[in-house]
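Asks: missing the sequence, but the structure's below:
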Ligand SMILES: [Mg+2]
């Protein structure tokens, strides 16, 4: 397909000469005024190159080419001008509106070479545009991928119902924290909390009610642990596990009891509970200064024992593994 070139000149002889010179190489369309030129662009779509005479009645070449620039920014614009107007033409080039200007009458060989170089320029513009478009698409695709990965990571780490961390992530974190605390020789605490008489709660309020209760309790517990490194997870059905770094047993007991109180103060009705008329927690705490051989199972077992003790001592309370 030949490249489309638009010539605009108010002299019919000049236009005819252009046609004769270039019709074998390019698809030449002519217009005898700026206005007609704009109509042609409107009808034919953008041209690769637009060549305009500078001196034309009504609309001069500069005004015309400015309008072309607005209509079809990718068209490369050339201007033909008499000697006397060179200063104006230079300004037009410098303003960026015109790719080149040529003096009239222009030798056909020079005009031909200039047209070829203008067409190259046009191809370059399109290539650059395509490149920018590809880069944009790539960037968007990368952003989507990063978001999807982030979502996936979150899905893999969080409990679907309550939004707090899940058991899997808890297991990984506990292992890592044990190692870390063995290294820094600081105490690490594990708190296990169980909603009292949750089976009866479910029987009374239904599974939807049970789910809502789990969400509320998870939220309340989560709010209670704000220190760096604190980690609240759903451990099982109605059981929660909290990893608490760098606190001795007494302080760990205190934060556990503050959590227990916070849940009780929430005053979620529990008509079937045998220890209260609201939702309460039984809580077990274990604290160790781990060494290289300490295992998560050990800490969990101790916390579980403390939790069992809390239940056997009447529930809605906190017990430590030291008791
Ligand atoms: Mg003229």
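Replies: Yep, that arrived. Treat the numbers as computed from the prediction; the structure is a model and nothing was measured.
Asks: which element is the residue positioned nearest the centre of the chain on?
Replies: Centroid check for the chain by Cα atoms, centre = their mean gives residue 143 as the closest residue, at 5.0 Å. When secondary structure is defined by DSSP states H and E, residue 143 falls within helix 108-157.
Asks: chain center to that helix: distance?
Replies: 19 Å (Cα atoms, centre = their mean, to the nearest Å).
Asks: measure the residue nearest to the centre of the chain to the ion for me?
Replies: Applying Cβ to the ion, to the nearest Å, the value for residue 143 to the ion is 53 Å. Heads up, the C-betas are built off the backbone N, CA and C, glycines and all.
Asks: what do you get for residue 65?
Replies: Distance, residue 65 to the ion, by Cβ to the ion: 14 Å.
Asks: in what helix or strand does that residue lie?
Replies: Residue 65 is part of helix 61-71, with elements assigned from DSSP H and E.
Asks: pLDDT of that helix, averaged?
Replies: When the per-residue pLDDT values of helix 61-71 are averaged, the result is 92.
Asks: returning to what we had before: could you list every helix and strand in contact with the helix holding residue 143?
Replies: When contacts are defined as 3 or more Cβ pairs under 8 Å, 6 or more residues apart in numbering; DSSP states H and E, helix 108-157 sits against helix 12-22, strand 49-53, strand 76-81, strand 100-103, helix 167-184.
Asks: the last one packs against which elements?
Replies: Contacting helix 167-184 under the criterion 3+ Cβ pairs under 8 Å, 6+ apart are the following elements: helix 108-157, strand 188-195, strand 231-234, strand 239-245, helix 296-312.
Asks: can I get the ones you listed in TSV with mean pLDDT?
Replies: Compiled in TSV, the helices and strands packed on helix 167-184 are given as follows (pLDDT from 0 to 100):
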stretch	mean pLDDT
helix 108-157	93
strand 188-195	98
strand 231-234	98
strand 239-245	98
helix 296-312	96
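Asks: so of the ones you listed, which one's packed in deepest?
Replies: Of all the helices and strands packed on helix 167-184, strand 188-195 carries the top mean neighbour count, a mean of 26, counting by mean count of other Cβ atoms under 10 Å.
Asks: contact partners for the closest residue to the ion within the stretch 101-250 of the chain?
Replies: When distances are taken as Cβ to the ion, the stretch 101-250 of the chain reaches nearest to the ion at residue 104, 8.1 Å away. For residue 104, the contacting residues are 53, 80, 81, 82, by Cβ atoms under 8 Å, 6 or more residues apart in numbering.
Asks: wait, what's in contact with the last one?
Replies: Taking Cβ under 8 Å, 6+ apart as the definition of contact, the neighbours of residue 82 are 54, 55, 103, 104.
Asks: say whether the ion is contacted by the helix or strand containing residue 36.
Replies: Applying DSSP H and E as the criterion places residue 36 in helix 34-44. No: with Cβ under 5 Å from the ion as the criterion, the ion is not reached by helix 34-44; the gap is at least 10.9 Å.
Asks: hmm, back to that, a markdown table for the helices and strands packed on helix 167-184, including distance to residue 94?
Replies: Written out in a markdown table, the entries for these read as follows (distance: least, Cβ to Cβ, whole Å):
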| stretch | distance to residue 94 |
| --- | --- |
| helix 108-157 | 17 |
| strand 188-195 | 72 |
| strand 231-234 | 65 |
| strand 239-245 | 67 |
| helix 296-312 | 73 |
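Asks: on that earlier part again, would you list the helices and strands packed on helix 108-157 in a markdown table and tack on mean pLDDT?
Replies: Converted to a markdown table, the helices and strands packed on helix 108-157 look like this (pLDDT from 0 to 100):
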| stretch | mean pLDDT |
| --- | --- |
| helix 12-22 | 92 |
| strand 49-53 | 95 |
| strand 76-81 | 92 |
| strand 100-103 | 87 |
| helix 167-184 | 95 |
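Asks: just the residues contacting the strand or helix carrying residue 86, thanks.
Replies: Following DSSP H and E, one finds residue 86 within helix 86-94. Contact partners of helix 86-94, identified using Cβ under 8 Å, 6+ apart, comprise 54, 62, 65, 79, 81, 98, 99, 100, 101, 103.
Asks: one step back: out of the contacts of residue 104, which is most surrounded?
Replies: The most neighbours of any of the contacts of residue 104, using other Cβ atoms under 10 Å, belong to residue 80, which has 25 neighbours.
Asks: still on that earlier bit, just the buried positions in the helix holding residue 86, please.
Replies: Under the neighbour-count criterion of 16 or more other Cβ atoms under 10 Å, helix 86-94 has 89, 92 buried.
Asks: so how far is it from its chain's centroid?
Replies: Averaging C-alpha coordinates over helix 86-94 and over its chain gives two centres that are 46 Å apart (Cα atoms, centre = their mean).
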